[in-house]
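S.K.: sequence first, predicted coordinates after that:
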Protein chains: 2
Amino acid sequence: MILVFIGTAGSGKTTLSAAFGRYLEENGYSVGYVNLDTGVKSLPYRPDVDVRESVTAWELMEEGLGPNGAIVESYDRLLPEVDEYASRIARLDGERDYIMVDTPGQMETFLFHEFGVRLMESLPEPLAVYLFGPEILKEPHDFCFVRFFSLMIDLRLGTTTVPALSKVDTVEDLEGYRKFLDDIEYLTARLKLEPSTQGLLAHKMCSALPELAPPTRVVYLSARTGEGFDELETLAHEHRCTCGDLT
Amino acid sequence: MILVFIGTAGSGKTTLSAAFGRYLEENGYSVGYVNLDTGVKSLPYRPDVDVRESVTAWELMEEGLGPNGAIVESYDRLLPEVDEYASRIARLDGERDYIMVDTPGQMETFLFHEFGVRLMESLPEPLAVYLFGPEILKEPHDFCFVRFFSLMIDLRLGTTTVPALSKVDTVEDLEGYRKFLDDIEYLTARLKLEPSTQGLLAHKMCSALPELAPPTRVVYLSARTGEGFDELETLAHEHRCTCGDLT
């Protein structure tokens, strides 16, 4: 069972890959770890598969590239090896109960680069976990944005995607966040009160969401306290059994 | 009139900022240039406003951060200055006919970081140009993805967003691309033939698009040949006159 943590830099992918993997191990499962970030220096887990064996952003910066150029170039260089990496991950999946896949630091490297798209196509029934931190949720339309973004990942990569709020231990009013994220009807009604054109667009998009998206649950995670790990385990287990229907 | 070029690393933001700016200058307009990329080494234009005056990703990497960490940290450090940068760009906008705003190398730094969101809120009626290269368009659902992504930028930043295919000089079958991008009904009908769950989701999302989005035109640009620059100029001019309705 392959879990792929996707999110922007700083959303908690690496920390959660380590912490959730450890949680599963403590519960008696065997866990494999995959690092797909060419730019990471040190990891809080020991990767079984690591793209840095092939190329690192560092060495490309030493060749004179800037940080953005080096990151993109590293995935260009990985592309010819994408099938081999997919096979290695699939083999590891055959040997272990769960595989934690920690994706590139910058989400767009994975969503927009052929390396990410082709890797995901080649993996056997992965479950994507779209991580977003509470710091990007300020206005009601931001909640609409993350719900839609989860759908965009699904559309781009063709995987079932679970939206997950990370770092919930840092959130004071978690109930307020949950109301906006769990109850699309409530969020839609709230957006109707926004007078801006942005609010109007968000209202229209949110109104369309129930027809577009399977009614996927949002999970609430903390790598620090382990909150939500039991629910993520349940979702992963359901995904393995039903392949896709996470209502 | 402020034009903001947004897109993933390698989509052509910097090259187009320079080339379209030069085109406008050759047509008698005064043009100002703004660089928001903390990680860029050299630019093909002379910036009037440049965030590297405050911080660069380089110096943060010298302090020991990895490339992704350095990029994020640089915008954290810029955040207290966001209002000052917005004022400087607005002042420049008062002095020049057109302002080219070249955004961070990695798009998510702008879309997900408070620096980008707050800067865009503070600028007077900017027009966002969402650039995507032909290399990310392989399957019919990819065309649905970029049309929706343009809407996501609109939702996140609250600006009118023009989707723009870049590097069209490298595309052999441009008519084929145009049919998928310009004619949502055609694309929707084509997606109906895709048997995958991804195709099904794309079909549903594309069907909803006409209700969600104003019928924005797609522009087709080449920084090398100048193709589409006249159309982008027309769109920018219309945006200035009507503020938002780019049908």
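M.R.: The structure has been received and is ready for your questions.

S.K.: what about A:V4, is that helix, strand or coil?
M.R.: strand (DSSP: H, G, I helix; E, B strand; the rest coil).

S.K.: contact partners for the residue lying closest to it once chain neighbours are set aside?
M.R.: Leaving out its chain neighbours, the residue that sits closest to A:V4 by Cβ to Cβ, 6 or more residues apart in numbering or on different chains is A:V101, at 4.3 Å. Glycine gets a C-beta too; all of them are placed from N, C-alpha and C. By Cβ atoms under 8 Å, 6 or more residues apart in numbering or on different chains, A:V101 lies in contact with A:2-5, A:17, A:34, A:36, A:89, A:126.

S.K.: retrieve the pLDDT associated with the residue in chain A sticking out farthest from the centre.
M.R.: Taking Cα atoms, centre = their mean, the residue of chain A most remote from its mean C-alpha position is A:P195, at 32.1 Å. Note for A:P195: predicted pLDDT of 84.

S.K.: how about the contacts made by it?
M.R.: Taking Cβ under 8 Å, 6+ apart, one finds nothing in contact with A:P195.

S.K.: so where's chain A shaky on pLDDT?
M.R.: A:243-247 (pLDDT under 70).

S.K.: just the helices in it please.
M.R.: A:13-26, A:57-62, A:67-78, A:82-95, A:107-111, A:114-122, A:140-157, A:174-182, A:184-191, A:197-212, A:229-242 (DSSP state H).

S.K.: which one of those is the most hemmed in?
M.R.: Of all those, helix A:107-111 carries the top mean neighbour count, a mean of 25, counting by mean count of other Cβ atoms under 10 Å in any protein chain shown.

S.K.: contacts for that helix next, please.
M.R.: With Cβ under 8 Å, 6+ apart, helix A:107-111 has contacts from A:6-9, A:11, A:36, A:71-72, A:75, A:103-104, A:115-117, A:152-153, A:156-157, B:8-9, B:106-108.

S.K.: can stretch A:131-145 be said to contact chain B?
M.R.: Yes - using Cβ under 8 Å from any Cβ of the partner chain, stretch A:131-145 comes into contact with chain B via A:135-136, A:138, A:141-142, A:144-145.

S.K.: endpoints of that stretch, how far apart?
M.R.: 13 Å (Cα to Cα, to the nearest Å).

S.K.: chain center to it: distance?
M.R.: 15 Å (Cα atoms, centre = their mean, to the nearest Å).

S.K.: again with stretch A:72-85
M.R.: Per Cα atoms, centre = their mean, the centroid offset for stretch A:72-85 relative to its chain is 20 Å.

S.K.: pretty sure A:F180 contacts A:T188?
M.R.: No - the criterion here is Cβ atoms under 8 Å, and A:F180 misses it with A:T188 at 10.3 Å.

S.K.: determine which two of the residues of stretch A:131-145 next to chain B are furthest apart.
M.R.: A:E135 and A:C144 (16.9 Å; Cβ to Cβ).

S.K.: can you tell me how far the residue farthest from the centre of chain A sits from chain B?
M.R.: With distances taken as Cβ to the nearest Cβ, to the nearest Å, A:P195 is found 12 Å from chain B.

S.K.: and A:P47, by the same measure?
M.R.: Counting by Cβ to the nearest Cβ, the gap from A:P47 to chain B is 16 Å.

S.K.: gap between that residue and B:A9?
M.R.: 24 Å (Cβ to Cβ, to the nearest Å).

S.K.: now A:V34
M.R.: Taken as Cβ to Cβ, the span from A:V34 to B:A9 is 23 Å.

S.K.: residue contacts, A:D154?
M.R.: Per Cβ under 8 Å, 6+ apart, neighbours of A:D154: A:128, A:160-161, A:213, B:198, B:201.

S.K.: now swap in A:G158 and tell me
M.R.: A:120-121, B:196-198.

S.K.: quick check, nearest of these to A:L232?
M.R.: A:M120 (19.0 Å).

S.K.: got the contact list for the residue nearest to the closest one when sequence neighbours are not counted?
M.R.: Excluding its sequence neighbours, the residue lying closest to A:M120 (Cβ to Cβ, 6+ apart) is A:L157, at 4.3 Å. Counting by Cβ under 8 Å, 6+ apart, A:L157 touches A:111, A:116-117, A:120-121, A:128.

S.K.: need these in CSV with distance to A:F229, can you?
M.R.: Formatted as CSV, these follow (distance: Cβ to Cβ, whole Å):
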residue, distance to A:F229
A:L111, 25
A:G116, 26
A:V117, 29
A:M120, 24
A:E121, 28
A:A128, 17
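
S.K.: show me the contacts for the residue nearest to A:L187 when sequence neighbours are not counted.
M.R.: Closest residue to A:L187 apart from its sequence neighbours, by Cβ to Cβ, 6+ apart: A:F180 at 5.0 Å. Residues near A:F180 by Cβ under 8 Å, 6+ apart: A:137, A:140, A:143, A:186-187, A:190.

S.K.: again, 7 Å this time
M.R.: Shown in contact with A:F180 (Cβ atoms under 7 Å, 6 or more residues apart in numbering or on different chains): A:140, A:143, A:187.

S.K.: quick one on the thing from earlier: of all the contacts of A:G158, which comes closest to B:D169?
M.R.: Once Cβ to Cβ is applied, the member of those that ends up nearest B:D169 is A:E121, at 29.1 Å.

S.K.: so how far is B:L123 from the closest residue to the closest one other than its chain neighbours?
M.R.: Nearest non-adjacent residue to A:E121, counting by Cβ to Cβ, 6+ apart: A:G158, 6.5 Å away. The gap separating A:G158 from B:L123 is 36 Å, by Cβ to Cβ.

S.K.: what number of residues lie near A:K192?
M.R.: 14 (other Cβ atoms under 10 Å in any protein chain shown).

S.K.: might one say that it is in contact with A:C206?
M.R.: No - at 9.3 Å, A:K192 does not count as touching A:C206 under the criterion of Cβ atoms under 7 Å.

S.K.: doesn't A:T216 make contact with A:A164?
M.R.: No - using Cβ under 7 Å, A:A164 is not in contact with A:T216; the gap is 10.4 Å.

S.K.: more neighbours: those two, which one.
M.R.: A:A164 (28 against 20).

S.K.: the closest residue to that one other than its chain neighbours: what's it in contact with?
M.R.: In space, and not counting its chain neighbours, A:A164 is closest to A:V219: 4.6 Å by Cβ to Cβ, 6+ apart. A:V219 makes contact with A:162, A:164, A:228, A:231-232, A:235, according to Cβ under 7 Å, 6+ apart.

S.K.: now A:P104
M.R.: Contacts of A:P104 (Cβ under 7 Å, 6+ apart): A:36-37, A:110.

S.K.: could I get these in JSON lines, plus columns for distance to A:P80?
M.R.: Converted to JSON lines, the contacts of A:P104 look like this (distance: Cβ to Cβ, whole Å):
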{"residue": "A:L36", "distance to A:P80": "16"}
{"residue": "A:D37", "distance to A:P80": "19"}
{"residue": "A:F110", "distance to A:P80": "17"}
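
S.K.: which among those residues gets closest to A:L174?
M.R.: For the contacts of A:P104, the nearest to A:L174 is A:F110 (28.1 Å; Cβ to Cβ).
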